[in-house]
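Chemist: okay, here's the prediction I keep looking at, along with the sequence it came from:
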Amino acid sequence: MSDQNKDNKTTAETWSPHAKYYDPIKIGSIDGTDTEPHDKAIVRSINSEYRSNRHVKGRPECTIFVSRLSPKTTKDTIKEVFSKYGRLKRFRLVKDIVTGIPKGYAFIEYETERAAEDAYRKAYKMYLDGQAIFVDFECERLLKGWKPRRLGGGFGGRKESGQLRFGGRDRPFRKPISLEIQEREQYETEQKNREYKRDEYKDHKHRDFHGREEKYRYSKERDKEYYHKHYKERSENLERSRSRERHEYEARSSSERLRTRERRSVEHTDTADHTNKFNDMNGKSEELHRNQK
């Protein structure tokens, strides 16, 4: 394997849209691949030294940074909104030392890391007093080599200023072109391998079919002979059974008709006898009535 392929493999394995350590030159690059600074602020950031404030209290893993706050947003509003993610331990709304006006960002410390992670995930780009806020973890004590904005570092920035900083949550790194080409080539190679395996499977299946073709043909001919041999016998048996059923049905129907005819004749005879008896009784009653008169 060549050195270039090794470098590409290392880049593909270690690339991340977010910075794992703060390098001013890489942070100033849109894909994190620049090797020379492109503005004076990056040079100032490289030459500067920064130490985190030793007076800052609290755990950095439980502290989140909230910015882009509206001037109307008060301390009580922020506490009320962010307290639903967990119990607050410390809170600081940063204000201007001279004027006392809030600068639009704050630091919130929770008692647990889970609460800070929930706020980091759920409160991002949430609207507070009509303005979308930005939420991130504290970088001063968590990110190695951190340089603040006043020293030419930081993250984000405005496009008009020409001092954009990438690798943060607001502006993550874009994937390098070399890595995109490598992934595209890898995808095409995998596609070719899948097509080759599919064609190989089809050829193998075709060979198996031809290897058993004679067996299939013999089986079909044997079934055909068996069918022709026993078809006539089955047909005759079926015809005999049908004729037998037909004769039985006719005999049963004729016997039922005879029984019905006999029953009707008997009923007719009984009706006639009953009518004659009734007429005789009427005649006798009339004769007796005349004699009494």
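Modeler: Noted; the coordinates are in hand.
Chemist: quick one: the helices in the protein?
Modeler: For the chain, the helices defined by DSSP state H occupy 3-14, 24-27, 40-47, 75-82, 113-122, 177-211, 213-292.
Chemist: which of the ones you listed has the lowest mean pLDDT?
Modeler: Taking the mean pLDDT of each of the helices of the chain, the lowest value is held by helix 3-14, a mean of 54.
Chemist: contacts only, for G58.
Modeler: If you count contacts by Cβ atoms under 8 Å, 6 or more residues apart in numbering, G58 has them with 89-90, 109. For the C-beta atoms, the positions are set from N, CA and C on the backbone; glycine is no exception.
Chemist: can you put these in CSV and add pLDDT, distance to D76 and neighbour count?
Modeler: What follows is the contacts of G58, written out as CSV (pLDDT from 0 to 100; distance: Cβ to Cβ, whole Å; neighbours: other Cβ atoms under 10 Å):
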residue, pLDDT, distance to D76, neighbour count
K89, 93, 17, 16
R90, 92, 16, 14
E109, 94, 17, 20
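Chemist: what is the nearest of those to D170?
Modeler: Set against D170, the nearest of those by Cβ to Cβ is E109 (21.6 Å).
Chemist: for that closest one, list the residues it contacts.
Modeler: With the criterion set at Cβ under 8 Å, 6+ apart, E109 makes contact with 58-59, 62-63, 88-91, 116.
Chemist: and the furthest pair within the residues you listed?
Modeler: Comparing every pair within those by Cβ to Cβ identifies R59 and F91 as the most remote, at 14.3 Å.
Chemist: how deep is P172 tucked in, by neighbour count?
Modeler: 16 (other Cβ atoms under 10 Å).
Chemist: how about R141?
Modeler: A count of nearby residues for R141, using other Cβ under 10 Å, gives 16.
Chemist: which residues touch it?
Modeler: For R141, the contacting residues are 52, 56, 60, taking Cβ under 8 Å, 6+ apart as the criterion.
Chemist: quick one: which of these is most hemmed in?
Modeler: Across these, the neighbour count under other Cβ under 10 Å reaches its highest value at P60, namely 17 neighbours.
Chemist: state the distance from that residue to T269.
Modeler: Taking Cβ to Cβ, to the nearest Å as the criterion, P60 is separated from T269 by 119 Å.
Chemist: what's near enough to touch the residue lying closest to L69 once chain neighbours are set aside?
Modeler: Distances taken as Cβ to Cβ, 6 or more residues apart in numbering place G104 nearest to L69, at 4.7 Å, with adjacent residues excluded. Under the criterion of Cβ under 8 Å, 6+ apart, the neighbours of G104 are 67-71.
Chemist: buried only: go through those for me.
Modeler: 68-70 (16 or more other Cβ atoms under 10 Å).
Chemist: picking that back up, for the contacts of G58, which one is nearest F82?
Modeler: For the contacts of G58, the minimum distance to F82 (Cβ to Cβ) is 10.5 Å, reached by E109.
Chemist: what sits opposite the closest one in the beta ladder?
Modeler: Going by DSSP bridges, E109 is paired in beta bridges with T63, R90.
Chemist: what separation do you get for it and D118?
Modeler: From E109 over to D118 the distance is 14 Å, taken as Cβ to Cβ.
Chemist: K103 too?
Modeler: Counting by Cβ to Cβ, the gap between K103 and D118 amounts to 25 Å.
Chemist: with R59 instead?
Modeler: Taking Cβ to Cβ as the criterion, R59 is separated from D118 by 16 Å.
Chemist: got it, and E245?
Modeler: Using Cβ to Cβ, E245 is found at 81 Å from D118.
Chemist: higher neighbour count, those two?
Modeler: D118 (17 against 10).
Chemist: not counting sequence-adjacent ones, nearest residue to the more buried one?
Modeler: Beyond its immediate neighbours in the sequence, the residue positioned closest to D118 (Cβ to Cβ, 6+ apart) is Y85, lying 4.5 Å away.
Chemist: residue contacts, the residue nearest to D170 when sequence neighbours are not counted?
Modeler: Nearest non-adjacent residue to D170, counting by Cβ to Cβ, 6+ apart: G156, 4.4 Å away. Contacts here follow Cβ under 8 Å, 6+ apart; on that basis G156 touches 164-165, 168, 170-171.
Chemist: separation between G156 and R141?
Modeler: Relative to R141, G156 is positioned 19 Å away (criterion: Cβ to Cβ).
Chemist: now swap in L164 and tell me
Modeler: Spatial separation of L164 from R141 under the definition Cβ to Cβ is 24 Å.
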